[in-house]
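*Asks:* Sequence first, predicted model second:
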4 protein chains.
Amino acid sequence: MSEMQQAHGLAADAISTNGIPGEELRVYIERIERLEEEKATLGQDIRDLYLEAKGNGFDPKVMKEIIKLRKKDPDEVDEEDAILHLYKQALGMLNPPSIQ
Amino acid sequence: MSEMQQAHGLAADAISTNGIPGEELRVYIERIERLEEEKATLGQDIRDLYLEAKGNGFDPKVMKEIIKLRKKDPDEVDEEDAILHLYKQALGMLNPPSIQ
Amino acid sequence: MSEMQQAHGLAADAISTNGIPGEELRVYIERIERLEEEKATLGQDIRDLYLEAKGNGFDPKVMKEIIKLRKKDPDEVDEEDAILHLYKQALGMLNPPSIQ
Amino acid sequence: MSEMQQAHGLAADAISTNGIPGEELRVYIERIERLEEEKATLGQDIRDLYLEAKGNGFDPKVMKEIIKLRKKDPDEVDEEDAILHLYKQALGMLNPPSIQ
DNA sequence: CCGTAATTAACAAAAC
DNA sequence: GTTTTGTTAATTACGG
């Protein structure tokens, strides 16, 4: 068996005249296209949900921030917040203590 | 009925002490997180498929190019190719005619 | 200087045989390439600075966060922080009051 | 000399009460902000040039493609084009030979 | 060197 | 309509 046939794991008649196993390639392409379509649908669903939430008085931008925070380890978040706070102090970026 | 209750369409007892209808917000957040999870799973599936194709001798980068082309209107593609070719000519970027 | 102009003795019109004014196009391309080169150099300088700061004990990620905050209007930042805080309250995401 | 002073290479009086050498941090931040500003200016200049070229009849999208090609090794470009052509053949995506 | 993470550029969508 | 904003894709840099 030739190297190319071994590489692609296909019978000889699945190989196009140019040496590319077109059927195998087509199957990969179509499976990926199908998955990307589903992914795009979910993206649209998510966008719709944010719009609906916005219509009900919620702030999508802040919702996204919440979701981002919930994905992270709380300890990591606290740690990073602490460093950020130190840097703000060192740079005089903090609001007056009365509103902390 | 208060303005906020009207805006959010919720019964009084669904409103947190801070004025945010927490349950409604939580439901939105959790629905979005669920959809994002499914979306991420599909993204992983697509990556896996590219890896499998690569293992079988295909070039993922070129596959992506193919998929991008298939999404476009063929006439658009031809049109843009034609302009690109003109620009290459004008800039002397073309290979010798023998291999065109 | 354009080869084509020399070859064809074209002057003001500078139009290639394919109808594209190659000299004008080339000038645009080269000006853009020059600017992109300078832009890339600055990007490298910035990366070097972050590395140097990291070597001196600073956290580049937090520095980036600081820089992002300094670009925004402080009132906007405070406003958004306030909403974020309300949402966290409503979702029970706040740490115990003792460490607020 | 304390560990922190060594790490930051600063005299004791440059250290804020919270342990962060604020002056050193501020200098880094401001240098980076300056460089980013210059970088943004170049980005705007590039955008302006594309707009001007567009106003003179050139296609910015194709110009970008040209610039991308000129950055790459020509052999790489040819190689990838060849694979793309093979895949198109194998998938029946080629135009009739008469217009190749 | 490979996979991962982060930056950047391209594209699409939505606000004004 | 255009102009910004947000999302997605791709390149690049980094660490294992």
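*Replies:* Yes, it's here. Residues are numbered from 1 along each chain as shown, chains lettered A, B, ... in the order given.
*Asks:* pLDDT value on A:Ser16, please?
*Replies:* Per-residue pLDDT puts A:Ser16 at 78.
*Asks:* count of neighbours near it?
*Replies:* Neighbourhood size, A:Ser16 [other Cβ atoms under 10 Å in any protein chain shown]: 16. Just so you know, the C-beta spots here come from the backbone N, C-alpha and C atoms, and that holds for glycine as well.
*Asks:* okay but it is in contact with D:Leu91, surely?
*Replies:* No. In this structure, A:Ser16 is not within contact of D:Leu91 by Cβ atoms under 8 Å, at 9.1 Å.
*Asks:* Overlap in contacts, these two.
*Replies:* Common neighbours of A:Ser16 and D:Leu91, using Cβ atoms under 8 Å, 6 or more residues apart in numbering or on different chains, are A:Gly22.
*Asks:* which residue sits closest to A:Phe58, ignoring its sequence neighbours?
*Replies:* Nearest non-adjacent residue to A:Phe58, counting by Cβ to Cβ, 6 or more residues apart in numbering or on different chains: B:Leu25, 6.2 Å away.
*Asks:* Over to A:Val77?
*Replies:* A:Leu69 (6.1 Å).
*Asks:* Just the buried positions in the strand or helix carrying A:Gln44, please.
*Replies:* Taking DSSP states H and E as the definition, A:Gln44 sits inside helix A:22-55. For helix A:22-55, burial by neighbour count (16 or more other Cβ atoms under 10 Å in any protein chain shown) applies to A:22, A:24-25, A:28-29, A:32, A:35, A:39, A:42, A:46, A:49-50, A:53.
*Asks:* Same question for stretch A:67-86.
*Replies:* Buried residues in stretch A:67-86 (16+ other Cβ under 10 Å): A:77, A:83-84, A:86.
*Asks:* just how off-centre is it within its chain?
*Replies:* How far stretch A:67-86 lies from its chain's middle: 20 Å, per Cα atoms, centre = their mean, to the nearest Å.
*Asks:* Stretch A:14-22 too?
*Replies:* Relative to its parent chain, stretch A:14-22 has a centroid offset of 35 Å by Cα atoms, centre = their mean.
*Asks:* Return the helix or strand in chain A with minimum mean pLDDT.
*Replies:* Every helix and strand of chain A was ranked by mean pLDDT, DSSP states H and E. The lowest is helix A:3-8, at a mean of 52.
*Asks:* Briefly note if the helix holding A:Gln44 comes near DNA strand E.
*Replies:* Yes. Using Cβ under 7 Å from any atom of the strand, helix A:22-55 reaches DNA strand E at A:47, A:51.
*Asks:* Now do that helix against helix B:22-55, angle only.
*Replies:* 170 degrees (axes from the mean of the first three to the mean of the last three Cα atoms, to 10 degrees).
*Asks:* Point out where chain A drops to low pLDDT.
*Replies:* Counting by pLDDT under 70, chain A has low-confidence residues at A:1-13, A:99-100.
*Asks:* Contact residues of it facing DNA strand F?
*Replies:* So chain A meets DNA strand F at A:36, A:40, A:43, A:47, A:50, A:60-61, A:64 (Cβ under 7 Å from any atom of the strand).
*Asks:* what's the farthest-apart pair in those?
*Replies:* The largest separation in the residues of chain A next to DNA strand F, counting by Cβ to Cβ, is between A:Glu36 and A:Lys61 at 26.8 Å.
*Asks:* Can you name the residue of chain A nearest to DNA strand F?
*Replies:* Relative to DNA strand F, the nearest point of chain A is A:Gly43 (3.3 Å; Cβ to the nearest atom of the strand).
*Asks:* show me the residues around that residue that make contact.
*Replies:* Counting by Cβ under 8 Å, 6+ apart, A:Gly43 has contacts B:Lys39.
*Asks:* Can you give me the distance of the closest residue to A:Ile20 other than its chain neighbours to C:Val77?
*Replies:* Nearest-residue entry for A:Ile20: D:Ala90, 3.8 Å, with adjacent residues in sequence omitted and distances by Cβ to Cβ, 6+ apart. D:Ala90 sits 55 Å away from C:Val77 when distances are taken as Cβ to Cβ, to the nearest Å.
*Asks:* cool, and A:Lys39?
*Replies:* Distance, A:Lys39 to C:Val77, using Cβ to Cβ: 33 Å.
*Asks:* just A:Gly43 next, same as before
*Replies:* Counting by Cβ to Cβ - A:Gly43 and C:Val77 are separated by 29 Å.
*Asks:* got it, and A:Gly57?
*Replies:* Distance, A:Gly57 to C:Val77, by Cβ to Cβ: 22 Å.
*Asks:* could I get the residues of chain A next to DNA strand F as a markdown table with distance to A:Pro97?
*Replies:* Formatted as a markdown table, the residues of chain A next to DNA strand F follow (distance: Cβ to Cβ, whole Å):
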| residue | distance to A:Pro97 |
| --- | --- |
| A:Glu36 | 52 |
| A:Ala40 | 49 |
| A:Gly43 | 44 |
| A:Arg47 | 41 |
| A:Tyr50 | 36 |
| A:Pro60 | 32 |
| A:Lys61 | 28 |
| A:Lys64 | 30 |
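*Asks:* if we take these, which one ends up nearest to D:Asn95?
*Replies:* Using Cβ to Cβ, those come closest to D:Asn95 at A:Glu36, 25.1 Å.
*Asks:* so what's that closest one closest to, chain neighbours aside?
*Replies:* Using Cβ to Cβ, 6+ apart, the closest residue to A:Glu36 is B:Ile46 (6.5 Å).
*Asks:* check contacts around the one you found.
*Replies:* For B:Ile46, the contacting residues are A:32, A:35-36, A:39, by Cβ under 8 Å, 6+ apart.
*Asks:* Thanks a lot, catch you later.
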